[in-house]
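1. Give me coordinates for this.
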Amino acid sequence: MAKHKLTTKEYLLPFILITSLFFLWGIAHGMVDTLNKHFQEILHLSKSQSGMIQFAIYMAYFIMALPAGYFMRKFGYRKGIVFGLSLFGAGALLIASTTSFESFWLFLIFLFLLGCGLATLETAANPYTTKLGPKESAERRINFSQSFNGLAWVLGPLIGLFIYGNQGAAPGEKLSSLILPYTVIGLVVLSVAVLFIRTPLPEIEEEENSYDAAKGNRNLETFHKKPLIRQQHFVLGVIAQFSYVAAQTGIFSYLINFVTDASQNPHFDVGYGPYFLSIGFALFMIGRMSGSYLMNFIKPNRMLALYALICCLLLPVVCAGLGWTSLIALYGVFFFMSIMFPTIFAMGIKDLGPKTKKASSFLVMSIVGGAVFPPVMGWIADVYNMSVGFFAPIPFFVYILFYALRGHRVKYA
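-> Next up is the predicted model:
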């Protein structure tokens with residue numbers, strides 16, 4: 001494949017600022033994925049009940065994505081980003097200020113508000129990143145930005161270590177360890193919102209010109225007139241994104257349960273759980289960074305197909321209860337999942353021109369897969385054991401394999 005620049009000089013500063021957003025919401029997600037086991041211990045929840053943490057934050061994506069897309073079509077990317085940061089910061093500060101109630105449901109409500117902010121940011125930042133440079137390097141560019149999301153996910157569980165240090169707290173103080181991290185996050189996020197208010201960003205018009213000359217010299221006008229529901233690569237991409245986020249969230253949420261489950265060999269004390277999650281996220285970040293580089297030479301859809309196939313092969317090893325071999329296989333899944341979200345996103349909005357913002361809303365909306373699947377995976381683990389629960393994501397990766405091989409193709413006719 002021919003090399004193309006990651007971005008251009010005129011878009012360098014906006015690209016840096018937008019990439020910082022990926023880091024911020026990565027911190028939020030990395031912390032959330034440490035909380036399942038913590039709330040199971042502190043508030044005596046089952047695995048399926050603790051899965052409501054993911055349900056709350058990812059259901060926010062489902063509910064907020066379309067309003068966020070409408071907001072940006074009316075007011076532009078920059079105001080959409082400021083709005084998203086405001087919701088994000090407010091949710092974090094409200095979580096910090098209400099810990100004394102020790103209410104799991106109150107925590108979920110404010111986590112939902114925080115998730116609405118994250119949904120708005122993702123609706124803005126993911127498509128905006130694909131436009132900040134040559135069209136040919138869109139998949140590389142979004143993978144590069146998402147690499148910083150992966151870096152933040154490494155740090156999130158380490159913050160979780162501070163939260164886990166509160167296991168023996170007295171009544172009324174069981175959730176007090178949430179105060180400092182969520183207060184700091186809220187204040188930082190609101191400060192970044194002020195920075196975006198004061199920094200002008202280019203408002204990029206969606207392309208309406210003809211597609212690649214290799215496809216002929218026809219105009220995209222007829223193609224763009226087709227409703228989104230008839231854009232096959234987009235519709236199948238929404239299903240692929242739902243499948244990916246469902247699988248990813250389940251795997252991320254229950255890694256700590258996997259390594260601390262008494263039926264596993266080896267198994268570890270719960271206090272060490274965030275370390276294991278952080279290692280997984282480090283591999284995830286390395287996968288994204290290396291994937292962004294490899295896309296210089298390998299077509300993104302081929303990489304996506306290969307990585308999905310490898311995940312399908314590794315998960316049965318995870319489920320087999322082979323001790324360290326199963327744990328290493330699970331870490332392999334972390335690595336090979338890494339490129340999936342940004343690559344599917346870029347493929348799903350390809351050549352949609354003026355419909356890009358609306359399409360992005362639906363792709364972010366499909367993140368609801370992360371809301372519905374963790375409770376199901378937790379229920380399987382409650383009924384059987386955590387190893388058996390890792391069978392559940394396999395069909396999702398099979399579908400992603402199909403999308404990478406055939407479903408991603410844009411049909412202009």
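2. from here on, contacts and neighbour counts on C-alpha atoms
-> Noted.
3. Quick check: closest non-adjacent residue to Gln146.
-> Phe22 (6.1 Å; C-alpha to C-alpha, 6 or more residues apart in numbering).
4. Contacts only, for that neighbour.
-> Listed by C-alpha atoms under 8 Å, 6 or more residues apart in numbering, the contact partners of Phe22 are Ala125, Ser145, Gln146, Phe148, Asn149.
5. Quick check: mean pLDDT of the helix or strand where the fourth one lies?
-> Element membership for Phe148, per DSSP states H and E: helix 138-164. pLDDT averaged over helix 138-164 equals 81, rounded to a whole number.
6. Can you tell me the SS state at the residue nearest to Gln146?
-> Secondary structure, DSSP: H, G, I helix; E, B strand; the rest coil: Phe22 is helix.
7. Equivalent analysis for Asp351, please.
-> Assignment for Asp351 (three-state DSSP): coil.
8. phi, psi of it?
-> Backbone torsions of Asp351, given as degrees, to the nearest 10, read phi 60, psi 30.
9. ok, now how distant is it from Phe234?
-> From Asp351 across to Phe234, the span is 10 Å (C-alpha to C-alpha, to the nearest Å).
10. out of these two, which sits in the busier spot?
-> Shown here are Asp351 and Phe234; by other C-alpha atoms under 10 Å, Phe234 has more neighbours (29 against 24).
11. any idea what sits nearest that one, other than its immediate chain neighbours?
-> Nearest non-adjacent residue to Phe234 (C-alpha to C-alpha, 6+ apart): Gly348, at 4.5 Å.
12. swap in Phe55?
-> Phe55's closest residue in space is Ala371 (C-alpha to C-alpha, 6+ apart), at 3.6 Å.
13. Would you confirm that the one you found contacts Met59?
-> Yes - Ala371 lies in contact with Met59 (C-alpha atoms under 8 Å); the separation is 5.4 Å.
14. Please, which helix or strand holds Ile279?
-> Counting by DSSP H and E, Ile279 is part of helix 273-294.
15. and the helix or strand following that helix, what other elements does it pack with?
-> Downstream of helix 273-294, the first helix or strand assigned by DSSP H and E is helix 300-319. Counting by 3 or more C-alpha pairs under 8 Å, 6 or more residues apart in numbering; DSSP states H and E, the packing neighbours recorded for helix 300-319 are helix 324-337, helix 340-348, helix 386-389, helix 394-402.
16. how about 7 Å then?
-> In terms of contacts (3 or more C-alpha pairs under 7 Å, 6 or more residues apart in numbering; DSSP states H and E), helix 300-319 is packed against helix 324-337, helix 386-389, helix 394-402.
17. contacts for the second one?
-> Meaning helix 386-389. Asn257, Phe258, Val318, Cys319, Gly321, Met377, Ile380, Ala381 (C-alpha atoms under 7 Å, 6 or more residues apart in numbering).
18. Taking the residues you listed, tell me the two that lie furthest apart.
-> Longest distance between any two of those is 17.0 Å, between Gly321 and Met377; criterion C-alpha to C-alpha.
19. more neighbours, these two?
-> The neighbour count for Gly321 versus Met377, taken as other C-alpha under 10 Å, is higher for Met377 (27 against 18).
20. Apart from its neighbours in sequence, what residue is nearest that one?
-> Using C-alpha to C-alpha, 6+ apart, the closest residue to Met377 is Gly389 (5.5 Å).
21. rewinding a little: just checking, what packs against the helix or strand following the helix holding Phe148?
-> Using DSSP H and E, the helix or strand that follows helix 138-164 in sequence is helix 179-198. If you count contacts as 3+ C-alpha pairs under 7 Å, 6+ apart, helix 179-198 packs onto helix 77-97.
22. How about the helix it packs on, which residues are buried there?
-> Using 16 or more other C-alpha atoms under 10 Å as the test for burial, helix 77-97 gives 77-96.
23. ok, residues contacting it?
-> Here helix 77-97 has contacts from 71-72, 107, 110-111, 113-118, 120-121, 124, 178-179, 182-183, 185-187, 189-190, 193, 196-197, 201, 203, using C-alpha under 7 Å, 6+ apart.
24. PyMOL command to pick out the buried ones of those?
-> Buried residues within those, by 16+ other C-alpha under 10 Å, are selected in PyMOL with:
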select buried, resi 71+72+107+110+111+113+114+115+116+117+118+120+121+124+178+179+182+183+185+186+189+190+193+196+201
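25. what's stretch 267-278 in contact with?
-> With C-alpha under 7 Å, 6+ apart, stretch 267-278 has contacts from 34, 154-155, 157-158, 160-161, 164, 255-256, 259-261.
26. which one of those is nearest Arg141?
-> Val154 (20.6 Å).
27. so how far is Gly30 from that closest one?
-> In terms of C-alpha to C-alpha, Val154 sits 7 Å off from Gly30.
28. before we move on, what about Ile349?
-> Separation of Ile349 from Gly30 (C-alpha to C-alpha): 27 Å.
29. pLDDT weak spots in the stretch 201-350 of the chain?
-> Counting by pLDDT under 70, the stretch 201-350 of the chain contains low-confidence ranges at 204-225, 262-265.
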